[in-house]
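> need a 3D model of the sequence below.
(2 chains)
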Protein chains: 2
Amino acid sequence: MATSMHLQSSFLAPRNPAHQASHVSPSFSLRYTQNPNPGLSRVAFVCKSAISSPVQEGTKQEQLQDSGRVFNFAAGPATLPASVLKQAQADLYNWRGCGMSLMEVSHRGKEFLSVIQNAESALRSLMRIPDEYAVLFLQGGATTQFSSAPLNLCNSNDSADYVVTGSWSDKAFKEGQKYCNAKVVWNGKAAKYTGLPSQGDLSLTPGAKFLHICANETIHGVEFKDYPTPQGETLLIADMSSNFCSKPVDVSKFSLIYAGAQKNIGPSGVTIVIVRKDLLGSAQPITPVMLDYKIHADNNSLFNTPPCFGIYICGLVFDDLLANGGLEAAEKRNIEKAKLLYDAIDGSNAFFKCPVDKAVRSLMNVPFTMATPELEAEFIKEAAGQGMVQLKGHRSVGGIRASIYNAMPKAGVEKLVALMKAFQARHTS
Amino acid sequence: MATSMHLQSSFLAPRNPAHQASHVSPSFSLRYTQNPNPGLSRVAFVCKSAISSPVQEGTKQEQLQDSGRVFNFAAGPATLPASVLKQAQADLYNWRGCGMSLMEVSHRGKEFLSVIQNAESALRSLMRIPDEYAVLFLQGGATTQFSSAPLNLCNSNDSADYVVTGSWSDKAFKEGQKYCNAKVVWNGKAAKYTGLPSQGDLSLTPGAKFLHICANETIHGVEFKDYPTPQGETLLIADMSSNFCSKPVDVSKFSLIYAGAQKNIGPSGVTIVIVRKDLLGSAQPITPVMLDYKIHADNNSLFNTPPCFGIYICGLVFDDLLANGGLEAAEKRNIEKAKLLYDAIDGSNAFFKCPVDKAVRSLMNVPFTMATPELEAEFIKEAAGQGMVQLKGHRSVGGIRASIYNAMPKAGVEKLVALMKAFQARHTS
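Numbers count the residues shown, from 1 in each chain, chains lettered A, B, ... in the order given. Take a look at the predicted model:
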């Protein structure tokens, strides 16, 4: 199906060829030739992977035929659809023939307006977001939202409940303490964040302004399957950074959903906020203007210059998800991939161990350990040698972590599982 | 010198070819063929401009030989060096042969660490930044800094002086009022922001914590040539968003310099902060964690996930500036370009008018008017027809604005001036 291709290109390099070479992929064959322009030398190279053959995502074919591509298990920034990267590459220099890169066009011009409007409508379709919700494309990551959420949704003397299920929800709670009467209504720390509470475990505060959860803890690998139900008028808020767009979500259950883009939907530098419009307009007086949801909602995320190129990539990913069956199909693929990996761990007679309660294991981030750190280091090194990279566990917990977001092909998980079995066989004979 | 090239590529398109086509440059010739995968059709295209011929920046040659490239006079996001865009395009899919896009690698991995470290050292070399200053790569634009500056550098009851020379410094003042005792020590509004104060014009507040200026007002086109001197212990703070890296700056005169990247050094979504280290660590208690300079300084801008791809582009631009003579050479080029344009305006017998005081005219943003809005609209339309785009003045002031940042080739200004003369000749006969 695929037809491989090369592209021939050349450009003027800075005075020092070595300096220029440092920017050129080793997969390029370099040739320096004399150039009429004094002080400048010509570099000609053949690129073997810049633009590659047709791919179908999630098949071994892509990885076998797509020269140079590795399986990237990073927790974020993370792997993106190869087809999206190729589209972005083809369009980078001259976007749709406008004579400019999308990085160069005004955020108020027709080119970018079409990009951000398409991205919003694609996301609304994907998640079936009701019209009563504003969709904002912001900056600063989920960490900025740890401040923005309480600043926008409650007064400094309001109570707010936080479910602490890992590092990220704990950071959200600590930041929340600055701006409201934040309380921890459940804490998984004693159990090393390997489980999640059931509704009955939560000591909810009557009259609390909101209940905050982290839908998926990237570091510890616990993911809510059913969401807690707040009482009375309490609003439900979720940080969905690491499982955003990985499965269908009933948005109407939430007053605010926020997510950094760099796990499932794009590059770092873009933050998505989905918030009920009727809650906007009463931010605390100390709220920095850039953290005020209403200002961004009133200006369609164009109050100031947004991260245009990142939003463009997110839009391409949304289109790709829609073209591949939407979030229902994405969830099906993610369940299939996760099952492969968890089954391999559970079937290893404890050679590999996942500490997380089986009922709440993440479909996105799979942490596991081996008998010794030395063995884990050996496994990670061997995996890298086979083109499976960024498997090291978070520095705060150690071990191994395989992040298998939407864009991780099934072939990547199959290859990892194959190595796990071979590695175990070699070390248990 | 240049050898033109085409690249042939193909990939799988979503179910609806029309939908996919909407992402493909008109300069691509499309061919749909049957594909074995149900519901997917193959798109093959020839890209005529994705990767183009060798260019030398700032010469007509680039514009004549670089098919499809227009002269982009946008105020920001703005034109970038063609060679940087081509480098980014070549590396987008597989950065330096690592098997991943730079958008996919962990911000804590060796690949990105080399990028951000190189970007910081290149900027330190370019601006000769003393070691006593921290260089931070942040998010949120200058508008976020309007809050961060007072939150980090003063207490809520401290006095702070603001010089209001246009829309941006006025916004900085209004945001500053939230976090300190902000005072306007000079205001150019009565004169429609066409001038700047001399030292004697400033009614400085004794004991003020800082004096804030906007080094170049993007909308009104006024630029400080000499900077005000604060009294006593008062700190000097400058928003340099729209003239950052356009000329040498004595950093040691300033306690804090901040700039959005999307004018002279990169895409939107990256904000540079240069701040004296000894001033860090006493942020107001209400400061959002993401707005606390010390936290970012202590973590080398990696406290949370930074805008990796944008920082990478900034690094390429810094390298490009260093390879082309640094900021002294950049200033020389910018003076030459600006003189061409201002001379054409001043020599037009008031057919074109620039309202700005000649002594403080911006080298970056050149606003000018004509007799009627209709004439201006006709000129802007004619310019667009000749590949000179985004010349419309800011919606708040109207008229015409030519932003001629570092990456605008002299050939672009020459072409604009040629049209101005021809247009005037046709309308004054």
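
> going forward, measure contacts between C-alpha atoms and count neighbours the same way
OK.

> chain B contacts on the stretch 151-300 of chain A?
Contact residues, the stretch 151-300 of chain A versus chain B (C-alpha under 8 Å from any C-alpha of the partner chain): A:175, A:178, A:179, A:266, A:267, A:268, A:269, A:285, A:286, A:288, A:289, A:290.

> the nearest residue to residue A:403 once chain neighbours are set aside: how many residues sit nearby?
Excluding its sequence neighbours, the residue lying closest to residue A:403 (C-alpha to C-alpha, 6 or more residues apart in numbering or on different chains) is residue A:365, at 4.3 Å. Residue A:365 has 26 neighbours, counted by other C-alpha atoms under 10 Å in any protein chain shown.

> circling back to that earlier point, what's the closest of the residues of the stretch 151-300 of chain A next to chain B to residue B:129?
Looking at those and their distance to residue B:129, the nearest is residue A:269, at 25.8 Å (C-alpha to C-alpha).

> how about TSV for the residues of the stretch 151-300 of chain A next to chain B, with neighbour count and secondary structure added?
Shown next, in TSV, are these (neighbours: other C-alpha atoms under 10 Å in any protein chain shown; DSSP: H, G, I helix; E, B strand; the rest coil):
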residue	neighbour count	secondary structure
A:175	24	helix
A:178	18	coil
A:179	27	coil
A:266	30	coil
A:267	32	coil
A:268	29	coil
A:269	32	coil
A:285	12	coil
A:286	14	coil
A:288	25	coil
A:289	19	helix
A:290	23	helix
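
> hmm, residue A:406 and the residue nearest to residue A:403 touching each other?
No - if you go by C-alpha atoms under 8 Å, residue A:365 and residue A:406 don't touch, sitting 11.2 Å apart.

> residue A:165 versus residue A:283, what's the distance?
Computed as C-alpha to C-alpha, to the nearest Å, the residue A:283 to residue A:165 distance reads 27 Å.

> neighbour-wise, which of these two wins?
Taking neighbours as other C-alpha under 10 Å, residue A:283 and residue A:165 compare with residue A:165 leading, 29 against 22.

> verify the stated contact: the more buried one with residue A:212.
No - applying C-alpha under 8 Å as the test, residue A:165 and residue A:212 come out as separate, 10.7 Å apart.

> in the host helix or strand of residue A:411, what counts as buried?
Assignment of secondary structure by DSSP states H and E places residue A:411 within helix A:410-427. Residues A:410-417, A:419-421, A:423-424 are the ones in helix A:410-427 that count as buried (16 or more other C-alpha atoms under 10 Å in any protein chain shown).

> over to stretch A:299-312?
A:300, A:301, A:302, A:304, A:305, A:306, A:307, A:308, A:309, A:310, A:311, A:312.

> do stretch A:103-121 as well
For stretch A:103-121, by 16+ other C-alpha under 10 Å, it's A:103-107, A:111-113, A:115-116, A:118-121.

> can it be found next to chain B?
Yes - among the residues of stretch A:103-121, A:103, A:104, A:105, A:106, A:107 lie within reach of chain B under C-alpha under 8 Å from any C-alpha.

> closest one of those residues to residue A:232?
Closest to residue A:232, out of all of the residues of stretch A:103-121 next to chain B and judged by C-alpha to C-alpha, is residue A:107, at 41.6 Å.

> who's in contact with the residue nearest to the closest one when sequence neighbours are not counted?
The shortest distance from residue A:107 to any non-neighbouring residue, by C-alpha to C-alpha, 6+ apart, is to residue A:305 (6.3 Å). Shown in contact with residue A:305 (C-alpha atoms under 8 Å, 6 or more residues apart in numbering or on different chains): A:107, B:77, B:141, B:268, B:269.

> would a markdown table of the residues you listed with pLDDT and distance to residue A:354 be doable?
As requested, these are arranged in a markdown table below (pLDDT from 0 to 100; distance: C-alpha to C-alpha, whole Å):
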| residue | pLDDT | distance to residue A:354 |
| --- | --- | --- |
| A:107 | 96 | 46 |
| B:77 | 97 | 47 |
| B:141 | 98 | 42 |
| B:268 | 98 | 41 |
| B:269 | 98 | 38 |
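
> quick one on the thing from earlier: okay, the residue nearest to residue A:107: pLDDT?
Looking at residue A:305, its pLDDT stands at 97.

> just want the phi and psi numbers for it.
Note on residue A:305: its backbone torsions stand at phi -70, psi 120 [degrees, to the nearest 10].

> test my guess that residue A:150 contacts residue A:179.
Yes - here residue A:150 reaches residue A:179: they are 6.1 Å apart, a contact under C-alpha under 8 Å.
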